[in-house]
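> Let me see the structure of the following:
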Amino acid sequence: MRAALFLLLATACQQSPNSDAPSAGLAHATVASAAPSVAAPAAPAAATAWFVGAWQGAFQAELFRVEVPVGGVKEWKADNGKQASGEGKLSLQAAADGSVIGTASGALGELVVVGQVDGDRATLTLASAQPNGFHGVVLAAESAEGMAGTLRASTGDSLQVRQAKVTLARAGK
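Residues are numbered from 1 along each chain as shown. All right, here's what the predicted structure looks like:
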């Protein structure tokens, strides 16, 4: 290594027309660039947000009675809550930027879930591929068990309205 450095220095000095200060500066620059660089210490890794990763949860959809004064939608009163009520499951993936994607299945049908976590709160949108399938929202917050909140959904024509309590925990727990 010293021999290569010496050869590099000697070559740089020989190529210079005179050995005044400018060539000495060139030789110094050449030596400096040939010296091994010292890497700066790596910055400590940023802490992972509490919500990042896979989540799974469950809900029990039930009738959400919409009370309206006289003249309201008669189908709301006729809905006995038996259809589209029952168990459902959620499977989500939250990214470091707070974005959430996933699926829901069960009593409300097959749904696509997209949303955002901001601070200790999650806002999720549920959408069905079926024209008159259920669409809705889940509003949840960080809890001791993971996340907990409420689901509200209705059919595309809004004639069936359902609600549920939602609990989410880290997948695999």
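
> okay, now residue 172: neighbour count?
Neighbour count for residue 172, taken as other C-beta atoms under 10 Å: 7. (C-beta placed from N, C-alpha, C; glycine too.)

> Hmm, it is touching residue 54, no?
Yes: using C-beta atoms under 8 Å, residue 172 is in contact with residue 54, at 7.3 Å.

> and residue 50, that one's in a helix?
No: Residue 50 is assigned coil when assessed by DSSP: H, G, I helix; E, B strand; the rest coil, not a helix.

> ok so, going back, what residues are shared contacts of residue 172 and residue 54?
Shared contacts of residue 172 and residue 54, defined by C-beta atoms under 8 Å, 6 or more residues apart in numbering, are not found at any residue.

> Which parts of the protein are strands?
53-63, 86-94, 99-106, 111-118, 121-128, 134-143, 146-155, 161-170 (DSSP state E).

> Okay, now the unreliable bits of this structure?
Under the criterion pLDDT under 70, the flagged ranges of the chain are 1-46, 71, 173.

> One more pass at 80, please.
Counting by pLDDT under 80, the chain contains low-confidence residues at 1-47, 67-77, 173.

> can you list the strands of the chain in TSV and add distance to residue 75?
As requested, these are exported to TSV (distance: least, C-beta to C-beta, whole Å):
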stretch	distance to residue 75
strand 53-63	13
strand 86-94	20
strand 99-106	23
strand 111-118	22
strand 121-128	19
strand 134-143	15
strand 146-155	10
strand 161-170	10
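
> closest one to residue 73 among those?
strand 161-170 (10.1 Å; C-beta to C-beta).

> what pairs with residue 60 across the strands?
residue 87 (DSSP bridges).

> Residue 105 too?
residue 89.

> if I pick it, what's in contact with it?
88, 89, 111.

> Filter the residues you listed down to the buried ones.
Neighbour-count burial (16 or more other C-beta atoms under 10 Å) applied to those gives 88, 111.

> Quick one: the contacts of residue 105 as a markdown table, columns for distance to residue 74 too.
Listed next are the contacts of residue 105 as a markdown table, based on distance: C-beta to C-beta, whole Å:
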| residue | distance to residue 74 |
| --- | --- |
| 88 | 27 |
| 89 | 33 |
| 111 | 27 |
